[in-house]
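Engineer: How does the following fold in three dimensions:
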Amino acid sequence: MKLFLVVSLGIAASFGLTVLAEFLWLKSANGIWHVHPEFFCIPVIVGAGVGLAVSRKAVLAAALSLAPWSVTMIVGANAGHSTISRWVITIALVSAYFALGIGAAALVGRVMTRFVAKGGQSPSREHA
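Structural biologist: Numbering: from 1, shown residues only. Model (predicted):
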């Protein structure tokens, strides 16, 4: 049940952050860039949040959270375009973002698992 809730919140967060990033990009950039550089932050934020929420199944939860976002990004970016090179580039870019988000979830999940296994001690109190 907790995994389902975290995945649902991850999906909502990924789409919500995308809308926020697009809004800020349209307000500030004046349309001079054709690439959205802020989109690599979205999977990292979502992956880290999922890793904090479910440390033991962070990779699975991040993959399930980011999969709908990834598919939507690929299809949305290529809507109305029929060139194969554009599809390949978009798939490669979004796949790299997807992997980055899963890596962030794995890293945060591993750190949280170790933190909980040590009884919640902070690193500064270990040496005292």
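
Engineer: Within the helices and strands, which one has His81?
Structural biologist: Under the criterion of DSSP states H and E, His81 resides outside all helices and strands.

Engineer: Could you find the closest non-adjacent residue to it?
Structural biologist: In this structure, His81 finds its nearest non-sequential neighbour in Trp87, 7.8 Å apart by CB to CB, 6 or more residues apart in numbering. Backbone N, C-alpha and C define where each C-beta goes, glycine included.

Engineer: likewise Ala77?
Structural biologist: Thr90 (5.0 Å).

Engineer: check which helix or strand covers that neighbour.
Structural biologist: Per DSSP H and E: helix 84-117 holds Thr90.

Engineer: Same check on Gly76?
Structural biologist: helix 58-77.

Engineer: buried sites along that helix?
Structural biologist: For helix 58-77, a neighbour-count test (16 or more other CB atoms under 10 Å) marks 58-66, 69-70, 73-74, 77 as buried.

Engineer: would TSV of those with pLDDT and distance to Ala99 be doable?
Structural biologist: Output for these, formatted as TSV (pLDDT from 0 to 100; distance: CB to CB, whole Å):
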residue	pLDDT	distance to Ala99
Ala58	91	14
Val59	93	11
Leu60	94	14
Ala61	94	15
Ala62	94	10
Ala63	95	10
Leu64	95	15
Ser65	95	14
Leu66	95	10
Trp69	94	13
Ser70	93	10
Met73	90	14
Ile74	90	14
Ala77	84	18
